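In: predicted coordinates and the sequence they were generated for:
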Amino acid sequence: MPPVGQPDPPPWQPQGDLVWQPQPEEPSWQETQVYDAPGGQAPATGYGPDAGYGPPGAGWGQPPQYPPQQYPGGWQGQRPPRDRRTLLLAIMVVGLPLLAVLGLVVLMPRGSSKPADAGRQEPRPSASADLEPTASPTGEASPSPSPEATAITDLEGIDQGRADGLLRQGGVNDAGEIHNAWTWTDRNGLNLLALTSTGRRQLVLKVTHLAHLDAQPSTLREMRDPQSCRRQERLDAGFAQGSVQVSDLDGDGIAEATVGWYASCDDTQQATVKLALISNGDKYILRGQGFVGEPPPGVPAATFQPEPESSAWPATFYDTTVSVFHNVFK
C-alpha cells in the first residue's frame, strides 16, 4: 500500500526493465504549515519551507528518508539532485557569445544605402507646351543666393549653322527654323538658348535650353507653344524683339534667361502675349494680353497673370520678368 497521500499505482504491466514505483508528492505552498516551536525547536515532523517531512523521527531541516527506490540512472533512496549551477553555466556558455555577436552588430558602422556619387547628376530634360507649364527638375544644388544680379560676360549671339550643330550635339535633330540663338558659360558649363519654329499655318514656337555642351550635353528646358487661326484669319506670331535677357539674378553662378513671344489672328485686337523666365530647368511665366510695340489710341495697357503665383517666385525673378514684360508688351 503506498504512503498516505500518494496515488494508487496505475493498472499497467511492467515493460522491460521499467518497474513502477510510488514516489512522494511534495506539498504545494498552500499545504505548507510553519510552526514556531518553543525555544527555537521544531517538532520532529511538520511542514514548511525548512521542515523535514516524511516518516516520524526526521529532524528539523533534515532531508526526508524513504525506502530505497529505483530511479532511472541508478539513484537509490532519493531523487536525483537538480544541479542549478550546471544549468546556469550552460545558459552562460550559450548566451554570452550571442550577446557578444549582437553587440558587434549594433556597434558596427552603418553605411549609406545609396551608392557613392560618382559625379554630378545631370538634370533630366523637360518639355512644356507654352513655349505649357510642366514641372522641371533642378540641376545642381546652389549656394545661398545673392540679391545682386551678375552679368554674363561671355554671352554671345551665334549664327544658324553653329546653333544647328550645338542642337544636334544635344540630341535635338528636328529644331526646324532657327530664328535666334545665344551661348554663355556658367556653373552648368557651356549653355545654348535657341528660338526655333516649325510649320506655317500650324505654327509651333519652341524655346530650347541646353547645358554642359562642353562635356555631356543635357536639355534643361524645352518649351513648345502651338499657334493657329481660323481659315479666313491670318496668323501673326513670333518671338518678341528685346525680350531675351541673360544674367545671374540670384548670384548662384547659374544664369537666368527671359524670352517672350506673341500670337494674334487680328491686327486690331490685343495679342496673346507670354514672357517666361527659365532658371536651371525651372520655369516662371507671365501670360496676358497686349500689343508688341505701341498700341492704338484708347487701348488699355497690357495685362498678365503670373504662374506660379507671384509669392512663389524669388523676388528678383518676379521683378525682372515684370519689368521686361512692360518694356516689350504695351
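Out: Done, it's in.
In: T208 contacts T196, correct?
Out: Yes. At 6.9 Å, T208 counts as touching T196 under the criterion of Cβ atoms under 8 Å. Using the backbone N, CA and C atoms, a C-beta is placed for each residue, glycine as well.
In: next, show the common contact partners of those two.
Out: By Cβ atoms under 8 Å, 6 or more residues apart in numbering, T208 and T196 have these common neighbours: A175.
In: ranges for the helices of this structure?
Out: Applying DSSP state H to the chain gives helices spanning 84-107, 160-169, 315-328.
In: possible to save the ones you listed as CSV with mean neighbour count, distance to D236 and mean pLDDT?
Out: Converted to CSV, those look like this (neighbours: other Cβ atoms under 10 Å; distance: least, Cβ to Cβ, whole Å; pLDDT from 0 to 100):
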stretch, mean neighbour count, distance to D236, mean pLDDT
helix 84-107, 9, 73, 69
helix 160-169, 16, 23, 97
helix 315-328, 18, 16, 97
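In: the closest residue to D266 other than its chain neighbours: neighbour count?
Out: Computed as Cβ to Cβ, 6 or more residues apart in numbering, the closest residue to D266 that is not its neighbour in sequence is E233, at 6.8 Å. By the measure other Cβ atoms under 10 Å, the count of residues near E233 is 11.
In: please apply the same query to the one 5 residues further on.
Out: Residue crowding around G238 was assessed by other Cβ under 10 Å; the count is 16.
In: try the one 5 residues further on
Out: With neighbours defined by other Cβ under 10 Å, the count for S243 comes to 22.
In: right, and it touches T258 too?
Out: Yes. Between S243 and T258 a contact is recorded at 6.3 Å, counting by Cβ under 8 Å.
In: need the residues touching each of these two.
Out: Counting by Cβ under 8 Å, 6+ apart, the common neighbours of S243 and T258 are 275, 324.
In: now the residue nearest to D266: how far from Q227?
Out: As for E233, its distance to Q227 is 11 Å (criterion: Cβ to Cβ, to the nearest Å).
In: same thing with P300?
Out: 23 Å.
In: those two: who's more crowded?
Out: Neighbour tally, P300 and Q227, criterion other Cβ under 10 Å: the higher count belongs to Q227, 22 against 10.
In: does that one have beta-bridge partners, and which?
Out: In this entry, Q227 is beta-bridged to L203, by DSSP bridges.
In: my guess is it contacts G238. True?
Out: No. Taking contacts as Cβ under 8 Å, Q227 lies outside contact range of G238: 9.4 Å.
In: return every residue with contacts to both of those two.
Out: Listed as contacting both Q227 and G238 by Cβ under 8 Å, 6+ apart are L205.
In: please tell me how far C265 sits from G170.
Out: Separation of C265 from G170 (Cβ to Cβ) stands at 33 Å.
In: and for R201?
Out: 29 Å.
In: likewise I91?
Out: Per Cβ to Cβ, I91 is found 70 Å from G170.
In: how about the strands in the stretch 201-330 of the chain?
Out: Taking DSSP state E, counting those that start in this stretch as the test, the strands found in the stretch 201-330 of the chain are 203-211, 218-227, 236-239, 245-248, 256-264, 271-279, 282-290, 303-307.
In: I'd like those strands as JSON lines, with mean pLDDT appended.
Out: Listed next are these as JSON lines, based on pLDDT from 0 to 100:
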{"stretch": "strand 203-211", "mean pLDDT": "97"}
{"stretch": "strand 218-227", "mean pLDDT": "96"}
{"stretch": "strand 236-239", "mean pLDDT": "95"}
{"stretch": "strand 245-248", "mean pLDDT": "97"}
{"stretch": "strand 256-264", "mean pLDDT": "97"}
{"stretch": "strand 271-279", "mean pLDDT": "98"}
{"stretch": "strand 282-290", "mean pLDDT": "97"}
{"stretch": "strand 303-307", "mean pLDDT": "97"}
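In: now for those, which one comes closest to T86?
Out: For these, proximity to T86 was assessed by Cβ to Cβ; strand 218-227 is nearest, at 72.0 Å.
In: by contact count, what packs against the closest one?
Out: In terms of contacts (3 or more Cβ pairs under 8 Å, 6 or more residues apart in numbering; DSSP states H and E), strand 218-227 is packed against strand 127-128, strand 203-211, strand 256-264, strand 271-279, strand 282-290.
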